[in-house]
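Enquirer: need coordinates for the below:
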Amino acid sequence: MSDAHTTSRERLPAWLRRPIATPGRATAVEGLLGELRLNTVCQSAKCPNRGECYSSGTATFLIMGDVCTRGCRFCAVETREPAPLDADEPARVAEAARRMGLTHVVVTTVTRDDLEDGGAAHFVAVIEALRESVPAAAIEVLTSDFGGRMASVDAVVDARPDVFNHNLETVPRLYEQVRPEAEYRRSLAVLARVRERTAETGAAHLPTKSGLMLGLGETPAEIVEVMRDLREAGCELLTLGQYLRPSAAHLPVVDFVEPAVFERLAREARELGFTAVASAPFVRSSYHAKELAADASC
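Expert: Take a look at the predicted model:
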């Protein structure tokens, strides 16, 4: 997307510089997560919004451990053989949500290709524990592709979260470079299956959500084509954010996308029929997730 980007690869542009967050409530959130031995994607993925979210009393829970069976070249989560699932984790996630007073709970996961169901049953257990502990809270899940196991997608859909999120992350041309163990069409199929399953069971509508990172070398036309594919799959909520390199071992940033480009893409997404769009440099999948879901329901 070099037509509207800066050319510097050494210094962050002005729109990507943020003040250091003050401790405040963040210390209490970190203490609670430590006490309950819970992981968050905020910390494991080195999210630039961690200070802001912790300070506002929110966090995105990362279940099934803090290591991944895949080695996506954009992600800071460590790749190695994972530990067995922790059967008590769902209860601890629910306890944290209750004590934090969350009204919109976002739960994501590492990819667990070592598990027969990809971890779907564990997701279901977390949803059930949250329903019991914080019955009034909305539950948003951000799942893996479950290795293409549609029975696993069905299990999570049948547990009735309030939002089902699965990220495409990038455009098809860059999958081999960015997500070598994933497949673009398989990820689209996961999102499409949510709509199919709710139709089969006669369940209430379940909104689907997806997100892309910008700045990896994609073109504007490719992004728009992905947005069209997402709409064809029934996806309604969209996030677009700037890719930031977690370390020298990860893919370099090709372009720093200007805020005006994010705004233009947001307009195009709404024209394509997305009911809610978050598109800005610091946007991440779960950043202000409650507000995005509210926008979709307006």
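
Enquirer: what's the longest helix along the chain in contact with?
Expert: Ranked by residue count under DSSP state H, the longest helix found in the chain is helix 184-201. Outside of helix 184-201, the residues within contact range by C-beta atoms under 8 Å, 6 or more residues apart in numbering are 143, 145-146, 148, 150, 153-154, 157-158, 164, 166-168, 172, 175, 203-206, 208, 210, 229-230, 233-235. Bear in mind the C-beta positions are built from the backbone N, C-alpha and C, glycine included.

Enquirer: can you pull out the helices in the stretch 151-298 of the chain?
Expert: Taking DSSP state H, counting those that start in this stretch as the criterion, the stretch 151-298 of the chain contains helices spanning 175-178, 184-201, 220-232, 259-272, 289-297.

Enquirer: return the set of buried residues in stretch 208-228.
Expert: Under the neighbour-count criterion of 16 or more other C-beta atoms under 10 Å, stretch 208-228 has 208-218, 220, 222-224, 226-227 buried.

Enquirer: first-to-last residue distance for that stretch?
Expert: 14 Å (C-alpha to C-alpha, to the nearest Å).

Enquirer: and it, average pLDDT?
Expert: Averaged across stretch 208-228, pLDDT comes to 97.

Enquirer: and what of stretch 255-269?
Expert: Predicted confidence along stretch 255-269 averages 96 (mean pLDDT).

Enquirer: mind checking which of the helices of the stretch 151-298 of the chain is nearest V29?
Expert: helix 289-297 (15.8 Å; C-beta to C-beta).

Enquirer: and the closest one, how far out from the chain's middle?
Expert: 15 Å (C-alpha atoms, centre = their mean, to the nearest Å).

Enquirer: can you check stretch 90-107 too?
Expert: 17 Å.

Enquirer: same check, this time on stretch 243-252
Expert: Centroid displacement of stretch 243-252 relative to its chain, using C-alpha atoms, centre = their mean, is 18 Å.

Enquirer: same check, this time on stretch 189-208
Expert: Its chain's C-alpha centre lies 19 Å from the corresponding centre of stretch 189-208 when counted by C-alpha atoms, centre = their mean.

Enquirer: now that stretch: buried residues?
Expert: By neighbour count on 16+ other C-beta under 10 Å, the buried set for stretch 189-208 is A189, V190, L191, A192, R193, V194, R195, R197, T198, L206, P207, T208.

Enquirer: I'd like these as CSV, with distance to A269 appended.
Expert: As requested, the buried residues of stretch 189-208 are arranged in CSV below (distance: C-beta to C-beta, whole Å):
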residue, distance to A269
A189, 21
V190, 20
L191, 15
A192, 18
R193, 22
V194, 19
R195, 18
R197, 25
T198, 23
L206, 20
P207, 15
T208, 14
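
Enquirer: what's the closest of those to F74?
Expert: Among these, and counting by C-beta to C-beta, the member closest to F74 is V190, at 18.9 Å.

Enquirer: I figured F274 hits M227, correct?
Expert: Yes. Counting by C-beta atoms under 8 Å, M227 is a contact partner of F274 at 7.4 Å.

Enquirer: can you select the buried ones from the contacts of helix 184-201 in PyMOL?
Expert: Only the buried entries of the contacts of helix 184-201 go into this PyMOL selection, using 16+ other C-beta under 10 Å:
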select buried, resi 143+145+146+148+153+154+157+164+166+167+168+172+175+206+208+210+229+230+233+234+235
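
Enquirer: ok, back up a step: avg pLDDT for the longest helix of the chain?
Expert: Averaging the model's pLDDT scores along helix 184-201 yields 98.

Enquirer: which residues sit against the one helix or strand V141 maps to?
Expert: In the assignment (DSSP states H and E), V141 maps to strand 138-142. Judged by C-beta under 8 Å, 6+ apart, the contacts made with strand 138-142 from elsewhere in the structure are 60, 103-109, 123, 127, 130-131, 156, 161-167, 209, 285-286, 289-290, 293.
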